[in-house]
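**Q** Here you go, sequence then predicted model.
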Amino acid sequence: MSGGFKYIESKRVSKAQKRRDAKAAKKVEQQKRIEEGEKLDEHKERSIETDRLEKLLDHQGLKIHQIDADGDCLYKAVEHQLSLASDTDDRLSFQDLRERTSQYMLANSEDFLPFLLNDQGELMGDEEFTRYCNRIARTKEWGGHLELTAIAQITRKSIHIYQADNKNPIKIEPRCHSDKSPISLSFHKHLYRLGEHYNSVVAKPNEE
């Protein structure tokens, strides 16, 4: 039997490596605290916004009807409003609204092009605008004030948008005066981390 010593090399961590590791761990911990602080700030902003908006609506005998945050919220909120209206025969689905909004904007590009920017921060050209309108009809492209402007013309209804920082709703009016009941929506900046959101606003039930 042959004998001998087996040499095992121990991996020693140098002082410099220890310092690098400690620095990296500290950086990770700092980033974690920053993210936790941001979450707390987001939660605080969301709570403040929700509380203000609910109080504002409650004072007017209104409340929020929640709409899913799936990219179709604006169109689904309008769809919900139309489903409740007794003064309209248009029971448009959110997809109908998307397609009609796209068609209206394409047919009236001069009303919308001056307000749309591309990814480079420049005004959209005609081809970019066409692609944008196609996305409205075919994808979950989020909608905003311009799309609501088109919807006001399509439905011939005034649109009232309630926000936490405004006592009175923002109103978007159709070109032709209408006595129809308005479409009432709430706009939220901080409700979801994904971004801006719209809900439907309805009358509170009478308390018995």
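**A** Good, I have the coordinates.

**Q** Every contact and neighbour count from this point should use C-alpha atoms.
**A** Will do.

**Q** now the helices for this protein?
**A** Under the criterion DSSP state H, helices of the chain are mapped to 15-59, 73-84, 94-107, 126-138, 145-155.

**Q** Low-confidence bits of the chain, can you list those?
**A** 1-13, 22-42, 89, 192-194, 207-208 (pLDDT under 70).

**Q** Deepest in the core, which of the helices of the chain is it.
**A** Comparing these by mean neighbour count (mean count of other C-alpha atoms under 10 Å), helix 73-84 comes out on top with a mean of 22.

**Q** what packs against it?
**A** Applying 3 or more C-alpha pairs under 8 Å, 6 or more residues apart in numbering; DSSP states H and E, we find helix 73-84 packed against helix 94-107, strand 183-192, strand 195-203.

**Q** One more pass at 10 Å, please.
**A** Helix 73-84 makes packing contacts with strand 62-65, helix 94-107, helix 145-155, strand 183-192, strand 195-203 when contacts are defined by 3 or more C-alpha pairs under 10 Å, 6 or more residues apart in numbering; DSSP states H and E.

**Q** circling back: nearest to residue 191, of the helices of the chain?
**A** The closest of the helices of the chain to residue 191 is helix 15-59. By C-alpha to C-alpha, the value is 5.4 Å.

**Q** Is it possible to get TSV of the helices of the chain that adds distance to residue 183?
**A** Putting these into TSV (distance: least, C-alpha to C-alpha, whole Å) gives the following:
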stretch	distance to residue 183
helix 15-59	15
helix 73-84	6
helix 94-107	13
helix 126-138	20
helix 145-155	9
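
**Q** Of all those helices, which one is nearest residue 206?
**A** So among these, helix 15-59 is nearest, using C-alpha to C-alpha, at 12.2 Å.

**Q** sorry, back to before: dump the helices and strands packed on helix 73-84 into JSON lines; add distance to residue 134 as well.
**A** Shown next, in JSON lines, are these (distance: least, C-alpha to C-alpha, whole Å):
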{"stretch": "strand 62-65", "distance to residue 134": "29"}
{"stretch": "helix 94-107", "distance to residue 134": "7"}
{"stretch": "helix 145-155", "distance to residue 134": "13"}
{"stretch": "strand 183-192", "distance to residue 134": "24"}
{"stretch": "strand 195-203", "distance to residue 134": "21"}
